[in-house]
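**Q** What shape does this take:
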Amino acid sequence: SSYVASDNIDKNIYNFLNPACNKNDNKFIYSSLGDHFSGILRSQQLLFTLQTPSFLSTDKLYFGILRTSIDDIYDTSSSWNDYNQDDIVDINEIDYDRITNFSHNNFGLIISKPFYINNIKLGINTKFSIGHLLSQYSYSYSFDIGIYKRIKQINFGLVLKDFLYHSYWSTGAFNTVQPKFILGSNFNIKFINFSLDYNISTNEYMLGSNYDYNSMVSFQLGHSTFETLYLGFLLNFSKLNFGYSIVLPKYEELGISQRIIIGIHQDFFNSF
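**A** Below you'll find the model as predicted:
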């Protein structure tokens, strides 16, 4: 789980929630698999960095490739016929052999760039996505603008999410959403790190803590407006990381969500 003001809280984990928090020396490639709402929604992510020309203020761009899907949705649109025109579908009016399945897929790309202005760390996410639902397609783009600043022992972050969001459908439909302002803080009390994010636009919050048991093992605990409990752990090795998290929702009918994260150092395969 990422927080607006978390800079290197989870060792080498990327932070696309606030692009200003990404590290300049991250050499890990991450892949994650998510199973949301008891398997209704699935997600895959690949996170990596690429070297950029030296004239840029930082020498790396951060990339996130994402895919989400809702699979095996029943399509009953052509499986029944209201023969008696009573606006009620009777059992004998349903042809079960004509019920088919379809999926709702969405592919996304995030290009993230952190940089400095007057000792203040800034960042921008450029986001693109392509959606597919039955015979319809959509194309979307938006931006995130983030600020990160450390004042004494407390980190502060501010993000403008989904700025200039536009979505176009092949049917001619056009959608926009209002951008969100999220304010966050992050600080340590002894060996425990605490984070608090507050969405000013929607009056929602997310809080969590991170405990480093030692240099290799850390645990995460969180709570938000829609999550009763978030639990996770991360195993940090020199060239290989492994993480797991589970989310218990506020409403039981939503079902649990789980995610597995695997991080591999860029020099991992050179060790063989």
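**Q** Counting neighbours, what do you get for residue 62?
**A** 24 (other C-beta atoms under 10 Å). All C-beta atoms are positioned from the backbone trio N, CA, C, and that covers glycine.
**Q** The one 10 residues further on now?
**A** One way to gauge burial is a neighbour count; for residue 72, by other C-beta under 10 Å, it gives 10.
**Q** pretty sure it contacts residue 42?
**A** No. The pair residue 72 / residue 42 is not scored as a contact, 10.7 Å apart, by C-beta atoms under 8 Å.
**Q** in the chain, which ranges drop under the pLDDT threshold?
**A** For the chain, residues meeting the criterion pLDDT under 70 lie at 1, 8-12, 24-25, 53-59, 74-78, 82-93, 98-99, 101-102, 271-272.
**Q** contact partners of the longest strand along it?
**A** The longest strand of the chain (DSSP state E) is strand 100-117. For strand 100-117, the surrounding residues in contact (C-beta atoms under 8 Å, 6 or more residues apart in numbering) are 14, 16, 19-22, 24, 56-58, 61-75, 78, 121-134.
**Q** Can you tell me which of those end up in helices?
**A** Assignment to helices by DSSP state H places none of the contacts of strand 100-117 there.
**Q** so of the residues you listed, which ones are in strands?
**A** Reading strands off those with DSSP E, I get 61-75, 121-133.
**Q** Quick one, which of these are buried?
**A** Buried residues within the ones in strands among the contacts of strand 100-117, counting neighbours by 16 or more other C-beta atoms under 10 Å: 61-64, 66, 68, 70, 121-125, 127, 129, 131-133.
**Q** just the helices in the stretch 151-272 of the chain please.
**A** Assigned by DSSP state H, counting those that start in this stretch, the stretch 151-272 of the chain shows no helices.
**Q** how close does the nearest residue to residue 165 once chain neighbours are set aside sit to residue 167?
**A** Computed as C-beta to C-beta, 6 or more residues apart in numbering, the closest residue to residue 165 that is not its neighbour in sequence is residue 142, at 3.8 Å. When C-beta to C-beta, to the nearest Å is the yardstick, residue 142 and residue 167 sit 9 Å from each other.
**Q** Could you do residue 227 as well?
**A** Distance of residue 227 to residue 167, given as C-beta to C-beta: 26 Å.
**Q** what do you get for residue 242?
**A** For residue 242, the distance to residue 167 - C-beta to C-beta - is 35 Å.
**Q** Looking at these two, which is more packed in?
**A** Between residue 242 and residue 167, residue 167 has the larger neighbour count (other C-beta under 10 Å), namely 16 against 13.
**Q** count of neighbours near the nearest residue to residue 234 once chain neighbours are set aside?
**A** Of all residues not flanking residue 234 in the chain, residue 243 sits nearest, at 4.2 Å (C-beta to C-beta, 6+ apart). Residue 243 is flanked by 21 other residues according to other C-beta under 10 Å.
**Q** Spit out the contact partners of residue 243.
**A** With contact set as C-beta under 8 Å, 6+ apart, residue 243 has these partners: 13, 232-235, 259-263.
**Q** go on, residue 135?
**A** Residues counted as contacts of residue 135 (C-beta under 8 Å, 6+ apart) are residue 170.
**Q** The contacts of residue 243 in strands, which ones?
**A** Using DSSP E, the members of these that fall in strands are 232-235, 259-263.
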